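[1] Model the structure of this input:
(4 chains)
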Number of protein chains: 4
Amino acid sequence: MANKNRFSYLLEMEVRDYELDTEQIVNNANYLHYMEHTRHKFCEAAGVRFIDLHNDGIDAVVRKIEIEYHTSLRSGDHFISGLNLERKGPRFIFHQTIMRPDGEIVTTATITCVMIRDGKLSRGDEVAALFKAYL
Amino acid sequence: MANKNRFSYLLEMEVRDYELDTEQIVNNANYLHYMEHTRHKFCEAAGVRFIDLHNDGIDAVVRKIEIEYHTSLRSGDHFISGLNLERKGPRFIFHQTIMRPDGEIVTTATITCVMIRDGKLSRGDEVAALFKAYL
Amino acid sequence: MANKNRFSYLLEMEVRDYELDTEQIVNNANYLHYMEHTRHKFCEAAGVRFIDLHNDGIDAVVRKIEIEYHTSLRSGDHFISGLNLERKGPRFIFHQTIMRPDGEIVTTATITCVMIRDGKLSRGDEVAALFKAYL
Amino acid sequence: MANKNRFSYLLEMEVRDYELDTEQIVNNANYLHYMEHTRHKFCEAAGVRFIDLHNDGIDAVVRKIEIEYHTSLRSGDHFISGLNLERKGPRFIFHQTIMRPDGEIVTTATITCVMIRDGKLSRGDEVAALFKAYL
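    Numbers count the residues shown, from 1 in each chain, chains lettered A, B, ... in the order given. Presented below is the predicted three-dimensional model:
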């Protein structure tokens, strides 16, 4: 069971039937979509929009994902997507958990992003400054 | 650089523009789609169709994915998706690599699947028997 | 401008960045996803779940879609998806509109579905009975 | 039955299992993806890349789609996607058909696109010039 209070950001979502596969469970790739949407909403809440970063020449790019699927989401399921952010040098590491409303863990992931400026790896200090309340 | 000869199965694919995101690179979740399609084509080549397994009461379910993104695919890119299969008890572990035609590595992943029969974890011996030429 | 009061069902949604394409607008196919999700939520509100119909041997299948794109949704946009249902013999015709919160029309569509039972076209009388409050 | 000879452009494709929904048929939105990919490959064959147009300030935008679903594609199906292009003033109208290898029609669509330059509707004469061999 996950403790919702330990997350910096929480987003309520629900399964859409087009996200299911023939096994009637959410397809594994769609959890990455749920988690990406959560990151972008978190960033928006922090005052940073990915598309603005892109248009300013900074691309946040995913470098590595470790994800464990503990149980499956099905048609009609509601869930909560929680997130914490950690910084290690140029790496922005998102610790993300998808859980049921009662806290049962569905999926946990560690997602490492880096900032690319003009095609080159950046330390991302200007982005980190925007997130300082969460680091 | 990856050596194409070391893979049990290879599939040639190309980027479709609807798989790109606003950064004009393939969205991270789509690599899981590429890799799933490769697993299913590999299984088909081995005489096993996922949908038949499902309709026979056996669901192959993804438990864990570790994926590293080394470089990005863009509009018009052609690529090769390679796969090896390893078995550890009930775990079917797919070692998957997406590379450019010259062997440059784009993405590498380790994807762990298990077999669920009638809602319970199965050792998957009947499935393993079908893959014995590749294990 | 659309009058929200004229719809049988309304659903509030928002754009997720993975739905955008390289033109930074929502990809045309994703509007069909939004509309499908709206139909399924409407059905759920009416007490009918698509997946239960399927598991009972009735598949609601899309036969025809006419969709006009008036303006484009972009990153961060919130929108309202409205729906009315009409029945013409075996055809269930969904009149669907996606609009901005102020009523500006984004997309309108007419989506014709039929019911397939055991592989054959059904009149769908049992399904229609469930929707009688909306027809 | 469709006559493959009457199309300006043909593309062979196959169903990927992640495109199926819980009814074990290809989800209706994915046909728009197949057709978009066909348009982009056709354009590429004609020497026009959508992403280059976008980066040059011209966005090809879908205005209207009429699509009929005659039969359903399922796991493992191979298909052929055919296309003809017609121009009516500023409208580029793609007549697209998805058929089985034996010519049985799966889906037919009429897809109307316009060219947007700097946010305004353009007649698209420069784009039409590139397609003159097909109009």
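[2] Next, the contact list for the residue lying closest to residue A:103 once chain neighbours are set aside, please.
    Closest residue in space to residue A:103, ignoring its immediate chain neighbours: residue A:1 at 4.3 Å, by Cβ to Cβ, 6 or more residues apart in numbering or on different chains. To be clear about C-beta, it is placed using only N, CA and C from the backbone, and glycine gets the same treatment. Taking Cβ atoms under 8 Å, 6 or more residues apart in numbering or on different chains, we find residue A:1 in contact with A:99, A:102-105.
[3] my read is residue A:30 is in a strand, agree?
    No: under DSSP: H, G, I helix; E, B strand; the rest coil, residue A:30 falls outside any strand and is assigned helix.
[4] now stretch A:25-35, how far from the chain's geometric center?
    11 Å (Cα atoms, centre = their mean, to the nearest Å).
[5] Equivalent analysis for stretch A:65-72, please.
    When C-alpha coordinates are averaged (Cα atoms, centre = their mean), stretch A:65-72 and its chain have centres 13 Å apart.
[6] Closest one of the contacts of residue A:1 to chain B?
    Distance to chain B across the contacts of residue A:1 (Cβ to the nearest Cβ) is lowest for residue A:105, with 13.4 Å.
[7] Please look at the closest one and residue A:99 and confirm they touch.
    Yes: using Cβ atoms under 8 Å, residue A:105 is in contact with residue A:99, at 5.2 Å.
[8] Give me the buried positions along stretch A:110-121.
    A:111-117 (16 or more other Cβ atoms under 10 Å in any protein chain shown).
[9] Pull out whichever of these are also neighbours of chain C.
    Among these, no residue sits close to chain C (Cβ under 8 Å from any Cβ of the partner chain).
[10] Give me the subset of the residues you listed that lies in strands.
    Mapping those onto strands (DSSP state E) picks out A:111-117.
[11] out of these, who's nearest residue B:130?
    residue A:111 (34.1 Å; Cβ to Cβ).
[12] Tell me the bridge partners for the closest one.
    For residue A:111, the residues forming beta bridges with it (DSSP bridges) are residue A:65, residue A:94.
[13] same check, this time on residue A:26
    Beta-bridge partners, per DSSP bridges, of residue A:26: residue A:20.
[14] wait, what's in contact with it?
    A:15, A:19-20, A:72-74.
[15] Could you identify the most distant pair in those residues?
    Pairwise over the contacts of residue A:26, using Cβ to Cβ, the maximum falls at A:19 and A:72, 11.5 Å.
[16] Using a markdown table, lay out the contacts of residue A:26 together with pLDDT, neighbour count and distance to residue D:52.
    Shown next, in a markdown table, are those (pLDDT from 0 to 100; neighbours: other Cβ atoms under 10 Å in any protein chain shown; distance: Cβ to Cβ, whole Å):
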| residue | pLDDT | neighbour count | distance to residue D:52 |
| --- | --- | --- | --- |
| A:15 | 98 | 19 | 38 |
| A:19 | 97 | 19 | 32 |
| A:20 | 96 | 22 | 36 |
| A:72 | 95 | 18 | 42 |
| A:73 | 98 | 23 | 39 |
| A:74 | 96 | 15 | 43 |
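[17] closest to residue D:38 among those?
    Among the contacts of residue A:26, and counting by Cβ to Cβ, the member closest to residue D:38 is residue A:19, at 24.7 Å.
[18] ok, now which ones touch the closest one?
    A:26-27, A:30, A:33.
[19] 6 Å - rerun?
    Applying Cβ atoms under 6 Å, 6 or more residues apart in numbering or on different chains to residue A:19 gives the contacts A:26, A:30.
[20] For the lowest-mean-pLDDT helix or strand in chain A, give me every contacting residue.
    Confidence across the helices and strands of chain A bottoms out at helix A:50-55, with a mean of 82, counting by mean pLDDT, DSSP states H and E. Residues from elsewhere that reach helix A:50-55 (Cβ under 6 Å, 6+ apart): A:40, B:22-23, C:75.
[21] filter those to the buried ones?
    A:40, B:22-23, C:75.
[22] what's the closest of the residues you listed to residue A:123?
    Residue A:123 has its nearest neighbour among the buried ones among the contacts of helix A:50-55 in residue B:23, at 19.2 Å by Cβ to Cβ.
[23] How about that closest one: what's its closest non-neighbour residue?
    Here the residue nearest residue B:23, using Cβ to Cβ, 6+ apart, is residue A:59, at 4.9 Å.
[24] Next: residue A:99.
    Residue A:99's closest residue in space is residue A:2 (Cβ to Cβ, 6+ apart), at 4.6 Å.
[25] is it true that the one you found touches residue A:102?
    No: using Cβ atoms under 6 Å, residue A:2 is not in contact with residue A:102, being 9.8 Å away.
[26] Tabulate the contacts of helix A:50-55 (JSON lines), appending secondary structure.
    Compiled in JSON lines, the contacts of helix A:50-55 are given as follows (three-state DSSP):
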{"residue": "A:40", "secondary structure": "helix"}
{"residue": "B:22", "secondary structure": "coil"}
{"residue": "B:23", "secondary structure": "coil"}
{"residue": "C:75", "secondary structure": "coil"}
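[27] hmm, back to that, who touches both of residue A:105 and residue A:99?
    residue A:2.
[28] the more surrounded of these two?
    Legend: neighbour count by other Cβ atoms under 10 Å in any protein chain shown for residue A:105 and residue A:99, higher for residue A:99 (23 against 15).
[29] Give the bridge partners for the more buried one, please.
    As assigned using DSSP bridges, the partners bridged with residue A:99 are residue A:80, residue A:105.
[30] And the contacts of residue A:1, which two are furthest apart?
    A:102 and A:105, at 10.5 Å, using Cβ to Cβ across those.
[31] which residues touch the residue located most distally from the centre of chain A?
    Ranked by distance from the centre of chain A (Cα atoms, centre = their mean), the top residue is residue A:22, with 25.5 Å. Residue A:22 is in contact with B:51, B:54, D:20, D:24, counting by Cβ under 6 Å, 6+ apart.
[32] quick one, phi psi at it?
    Backbone torsions of residue A:22, given as degrees, to the nearest 10, read phi -70, psi -20.
[33] tell me the pLDDT at it?
    What the model reports for residue A:22 is a pLDDT of 90.
[34] got it, and residue A:81?
    Looking at residue A:81, its pLDDT reads 98.
[35] Quick check: it touching residue A:37?
    No: with contact defined as Cβ under 6 Å, residue A:81 does not reach residue A:37; the gap is 7.8 Å.
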